[in-house]
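Student: I'll drop the sequence and a predicted model, then ask my questions.
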Amino acid sequence: MKLTKLATGLLAALTITTGFTASAKIVKVEIPVIEKEIAIDNAGTKHNMWTYGGTIPGPVVRVTEGDVVDFSLLNKKGNKQSHSMDFHAAIVDVLDEFEAVRPGKKKDFKFEAKYPGVFIYHCGADSMSEHISRGMYGVIIVDPKEGYSEDFPKPDREYVIVEGDLFEDDATPSEMTNNEKWKGALINGKQFNYDPVHDQNASMVLESKPGERVRIYFVNAKINENAAFHPIAGIWDKVWDNGHPKNLRHGLQTVDVAPAHGVIADIVSPSDRDTNNALVDHRMKSALNGAITVLMNKSDANPELGRNGNLVIR
């Protein structure tokens, strides 16, 4: 009986091992869960939030199609909640890989990034509404194995924008689920994070030089409402639904992005003058409560922004 169990275990191990291509690149990703107070606006107002790695959104995970992600989630000992990791880029077992782990425990699993695109990752522990709304989300970018092409050109700059909800700090999970005590929209963790026009405390904007191709990896992390992603004073030159190179559309004014979905959107400014765009969620309730991002296209743009892995401006 012991031999049977051992053989079964070995067979299972071999099946798991051979489930991935032998030549696949292994990408090790370790993310701790940190429950903490964190500033949710440019004035420094703090809320009790739950985070991946201490930031909202969590760290950007970037791999190439076909890579194997070797993932570890550490729910730190001092935390009070159980947490989990749900990678939308993974094809696995929701009851196994995505199970919640208690404080002080660790969860390891692997998956192959089979589809290129931009995907959300988020906590799926009960209540999912509260875990996501308190900041437990991030982005995984899976670059296509074919690389750039005529239909998927290389950008000059790249930025990640994640829109999330902000509820009153005392909102219950049920109230969050029903969109009660909704306070505003977060862009990369703060209301009006990159909008000095509507928030005098804002000090950062996205930057590019006139005529550069700017690529936005946009993910909607709100739990109930779509985002109407629009570049004021511009037109999306190319948009890839879910970020897949084959899902290409041209010349769009507004892109509707469902909760837990993402798009890649390119914008190209006039090359003969300095201009500005406001990248907004055109639902006025969201825009005027935080979901506006200023993109400045100017000749003296900071060469470090949107390059060399600097995709989330903090």
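Tutor: That came through, no problem.
Student: and the strands in the stretch 101-250 of the chain?
Tutor: With DSSP state E, counting those that start in this stretch as the criterion, the stretch 101-250 of the chain has strands at 106-112, 117-122, 137-143, 157-167, 182-187, 206-208, 213-220, 227-232, 236-241, 248-252.
Student: residue 310 is nearest to which of these?
Tutor: Across the strands of the stretch 101-250 of the chain, residue 310 has its closest neighbour in strand 157-167 (8.8 Å, Cβ to Cβ). In short, each C-beta sits where N, CA and C put it, glycine included.
Student: for that closest one, name the packing helices and strands.
Tutor: Applying 3 or more Cβ pairs under 8 Å, 6 or more residues apart in numbering; DSSP states H and E, we find strand 157-167 packed against helix 128-133, strand 137-143, helix 173-177, strand 182-187, strand 206-208, strand 213-220.
Student: and the pLDDT for residue 21?
Tutor: For residue 21, the pLDDT comes out at 71.
Student: I meant to write residue 216 there.
Tutor: pLDDT, residue 216: 99.
Student: now do the one 4 residues further on
Tutor: What the model reports as pLDDT for residue 220 is 98.
Student: tell me, how many residues neighbour it?
Tutor: Applying other Cβ atoms under 10 Å, we find 25 residues neighbouring residue 220.
Student: what residues are bridge-paired with it?
Tutor: Beta-bridge pairing of residue 220 under DSSP bridges involves residue 163, residue 261.
Student: save the strands of the stretch 101-250 of the chain as CSV, and put in distance to residue 274 too.
Tutor: Output for these, formatted as CSV (distance: least, Cβ to Cβ, whole Å):
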stretch, distance to residue 274
strand 106-112, 44
strand 117-122, 29
strand 137-143, 29
strand 157-167, 16
strand 182-187, 23
strand 206-208, 11
strand 213-220, 14
strand 227-232, 16
strand 236-241, 19
strand 248-252, 23
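Student: who wins for proximity to residue 298 among those?
Tutor: Proximity to residue 298, assessed across the strands of the stretch 101-250 of the chain by Cβ to Cβ, is greatest for strand 206-208 (6.9 Å).
Student: mind listing what's buried along the closest one?
Tutor: Neighbour-count burial for strand 206-208 flags 206-208 (criterion: 16 or more other Cβ atoms under 10 Å).
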